[in-house]
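1. build the 3D model from these lines:
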Amino acid sequence: MSYSGHFEKSAYVGYTATPFANIFIYPDPDKKNPEFGDDLFPRSFIINLPAPSNYIGPVQIFGLDTDPAIGLEASEALPIIRTVEDQKEWMPDKHKKGHVPGELPGSLKQAIKAFILCCAARIVRGQEYEHNSMLVHVARFTAVQSKVAKQVKDELTSLQKRLRYGDSNAPGKLEEEFEQLWKDDFVPTTSFILSSIPDPQLKSVSWEEVKPLLHHAASKIQVKKINGTAKDVLDYWEHKNGLSVIAIGGDKLSRGLTLEGLSISYYLRASKMYDTLMQMGRWFGYRPGYLDLCRLYTTNDLVEWYEHITVASEELRQEFDYMADAGATPDEFGLKVRTHPQGLVITGANKMKTGTVMRLSYTRTLSETTILHKDENINLKNLEVTEEILRSLGSYTKQENRKYIWTNVSPEKVIYFLSGYQSHENCKLANTSLLVKYIKAQLPHELTSWTVVLISSNRAKNKRNIAGNEVGLTLRRDASSESSQEYRLIKSRLLSPTDEWLDLSQETRDEILEITRRRRAEAGKPPSSSNTPDGKILRSKRSPINGLLLLYPLDPEEINSEIPVIGFVISFPDSKTAQMVEYKVNNVYWKEEFVSHDGAKYLENTGGGYWKCTLWLYHPPPITRDCIRCLSRY
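-> Okay, the predicted model is just below:
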């Protein structure tokens, strides 16, 4: 039943740590539900609430690299992530509900020992009666979770007995294993965090203090299955002297369930949806007096996803701040947020079914080829179209630091280059067909005059003549495996930040640096003498008629080839009147994300005339409403 229709005025205010899905709702007044009213697009305001200083979030755990293109500064990750590499035989990524796990991997056995050490160290710090939780999230299927719970319980029981009675066959061996883990892992981590995190409750703890408490700490630990079929519950309120628990589950552990005193997380569950991954990150939060004892055991792939999401989240927060500074509402400014090309990666394409139309704008953004081809035939064609456009431009207008610069280039030349260039299908932010659509949509009033720059490196090991110009080939490391067909740039960065202002006057450059430094001061950041411009500020100072195309010939030795790999960067100016471009999503993402490995779809008939989208929402029949959680249509 809806109460909103009974009032002249009503308001809905939502709080979320993962705003991706809601900002991508298209606010269509024709879709207003007669009973429930408008959709949940936040049309009135979005306020970016700063996190408290003692909150441990994605930036603290996964860190940030300096990225002047979007105004991000480096932030070192806390040393609490432990890489899991021995899980594939035990728990393959695409296992089915009948999967029988093999022997418990060494990484999980170590994580259980780390949890016992954490519980003991908290007792030393006077936190004996606080709750302690360990998360094990490795499977979606409840049957598999039950098997994992038995394995973990058997391992814990064995440790409890050995700590109590000792090992008759190998006296002192288990104690030595705990001591080595403490001294090799916990001692250096505590030392680092003590020097970088202000927390009066943190203090150094010696092995001699921890050792006699291991059995007591281990004996209190219980193993509980937390899922829709298990009878176990996390009854913290029933344990006035503290509950120590290893919670094993899946979706139920991922959302809405608080794990009190969470310290050790063993997490292997992959997802390509940004907001889902953030919601699954139960290790974010407040850790007073025991942050140094926390650990996240996970795979390198998941760490890379979280690092990428962290950058996307911070950039999105900057967009909200920019909107607030402009005095705009999401209804006015919303398309700039909702149609940011990063949305191709964040939550748009992989949350929609076949034929769904999305719209985007490249205003005040940077498009760069951070994933390139290794195929020599493709790279040869890209080199040829690059040389063709450069020859058509004639002699360069000027040089700066050996870089060749052509000014007042017509948009038709840029469109011709992009139409002939084959970008990598996985490089969503450099989709040449969408870029061409966007440029054409702005004509004839904007993007009418371009600067084209052929980048030549001063530190190049190898040189190449390109369209009659001697060029030092830029070196960019390949982050992919040798067998991969992707040339994936390390840290996803092609641009050298100061290249982005090659088309601007010295006066404008000085102004950009002054604003960059002032913004740092206003944000409470230490002063910097850096001459690196903030990319978003820079783009806001570029005239709407001016676009910038940077061409980077990359050294092919990095991928064992002889043909230079051409990468490009486009810097788009800010625009108050930018036109949208549309694209349709195919069904590949839908099949990957919303059909489980055993073929069951995430749509269930719950009885009583209702269907449940198990990604959260209930839909009244007929199933035609948009699920605002998965943005899909039934």
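2. packing partners of the strand or helix carrying V187?
-> Secondary structure assignment for V187, by DSSP states H and E: helix 187-196. Judged by 3 or more CB pairs under 8 Å, 6 or more residues apart in numbering; DSSP states H and E, helix 187-196 is in contact with no other helix or strand. For every residue, glycine as well, the C-beta is placed using N, CA and C.
3. buried residues in the following helix or strand past it, which are they?
-> Counting by DSSP H and E, the element after helix 187-196 in chain order, helix or strand, is helix 207-210. Residues of helix 207-210 classed as buried: V210 (neighbour count, 16 or more other CB atoms under 10 Å).
4. and helix 207-210, what does it pack against?
-> Against helix 207-210 (3+ CB pairs under 8 Å, 6+ apart) you get helix 106-124.
5. now the angle from the helix it packs on to helix 187-196?
-> Using axes from the mean of the first three to the mean of the last three CA atoms, to 10 degrees, the direction of helix 106-124 lies 60 degrees away from that of helix 187-196.
6. quick one: mean pLDDT over the next helix-or-strand element following helix 106-124.
-> Remark: after helix 106-124, the chain's next helix or strand is strand 132-137, criterion DSSP H and E. Taken as a whole, strand 132-137 carries a mean pLDDT of 95.
7. and strand 132-137, what does it pack against?
-> helix 106-124, strand 244-249, helix 251-254, strand 262-267.
8. now those in a markdown table, with distance to W90?
-> Converted to a markdown table, these look like this (distance: least, CB to CB, whole Å):
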| stretch | distance to W90 |
| --- | --- |
| helix 106-124 | 8 |
| strand 244-249 | 14 |
| helix 251-254 | 19 |
| strand 262-267 | 12 |
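9. so V210 sits right up against V124, yeah?
-> Yes - if you go by CB atoms under 8 Å, V210 and V124 touch, sitting 6.3 Å apart.
10. show me the strands in the stretch 401-550 of the chain, by range?
-> 403-409, 449-454, 463-466, 469-472, 486-488, 546-554 (DSSP state E, counting those that start in this stretch).
11. and those strands, which is most packed in?
-> strand 546-554 (a mean of 23; mean count of other CB atoms under 10 Å).
12. on that earlier part again, as CSV, the strands of the stretch 401-550 of the chain with mean pLDDT and distance to E384 would be great.
-> Converted to CSV, the strands of the stretch 401-550 of the chain look like this (pLDDT from 0 to 100; distance: least, CB to CB, whole Å):
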stretch, mean pLDDT, distance to E384
strand 403-409, 98, 18
strand 449-454, 98, 15
strand 463-466, 96, 11
strand 469-472, 96, 15
strand 486-488, 91, 18
strand 546-554, 98, 13
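13. identify whichever of these lies nearest to G281.
-> Set against G281 and scored by CB to CB, those come closest in strand 486-488, at 24.0 Å.
14. for stretch 554-565, buried residues please.
-> L554, D555, P556, E558, I559, S561, I563, P564, V565.
15. same check on stretch 222-241?
-> V223, K224, K225, I226, N227, A230, D232, L234, Y236, H239.
16. CA atoms only: put it into CSV for me.
-> These are the backbone C-alpha positions of stretch 222-241, laid out as CSV (Å, rounded to 0.1, in the frame of the first residue of the first chain):
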residue,chain,number,x,y,z
GLN,A,222,31.9,-20.8,16.5
VAL,A,223,31.2,-21.6,12.9
LYS,A,224,27.8,-20.5,11.5
LYS,A,225,26.1,-20.8,8.1
ILE,A,226,24.3,-17.6,7.2
ASN,A,227,21.9,-18.2,4.3
GLY,A,228,18.2,-18.6,3.5
THR,A,229,18.1,-22.3,4.3
ALA,A,230,20.3,-22.4,7.4
LYS,A,231,19.0,-22.2,11.0
ASP,A,232,22.1,-20.4,12.3
VAL,A,233,21.8,-16.7,13.2
LEU,A,234,24.3,-14.1,14.2
ASP,A,235,22.8,-13.5,17.6
TYR,A,236,25.3,-11.0,18.9
TRP,A,237,22.7,-9.6,21.3
GLU,A,238,22.6,-12.9,23.1
HIS,A,239,26.4,-12.8,23.9
LYS,A,240,26.9,-10.0,26.4
ASN,A,241,30.6,-11.1,26.8
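17. what distance separates that stretch from the centre of its chain?
-> Mean C-alpha position of stretch 222-241 versus that of the full chain (CA atoms, centre = their mean, to the nearest Å) differs by 31 Å.
18. and that stretch, what's its mean pLDDT?
-> pLDDT averaged over stretch 222-241 gives 85.
19. shift numbering so it begins at 47
-> Okay, residue one is now 47; in that scheme the one you just asked about reads as stretch 268-287.
20. contacting residues around stretch 211-226?
-> Stretch 211-226 is contacted from outside by K159, I162, L163, L205, R208, L209, W253, K257, L260, using CB atoms under 8 Å, 6 or more residues apart in numbering.
21. can you tell me how far the closest residue to the first one other than its chain neighbours is from Q156?
-> The one in question is K159. What sits nearest to K159 in space, not counting adjacent residues and going by CB to CB, 6 or more residues apart in numbering, is L227, at 5.7 Å. According to CB to CB, to the nearest Å, L227 and Q156 sit 7 Å apart.
22. which one of those two is surrounded by more residues?
-> Q156 (19 against 15; other CB atoms under 10 Å).
23. quick one: contacts for the more buried one?
-> Counted by CB under 8 Å, 6+ apart, Q156 has contacts R128, L227, Y343.
24. tell me the one of the residues you listed nearest S542?
-> Looking across the contacts of Q156 and measuring by CB to CB, the closest to S542 is R128, at 34.1 Å.
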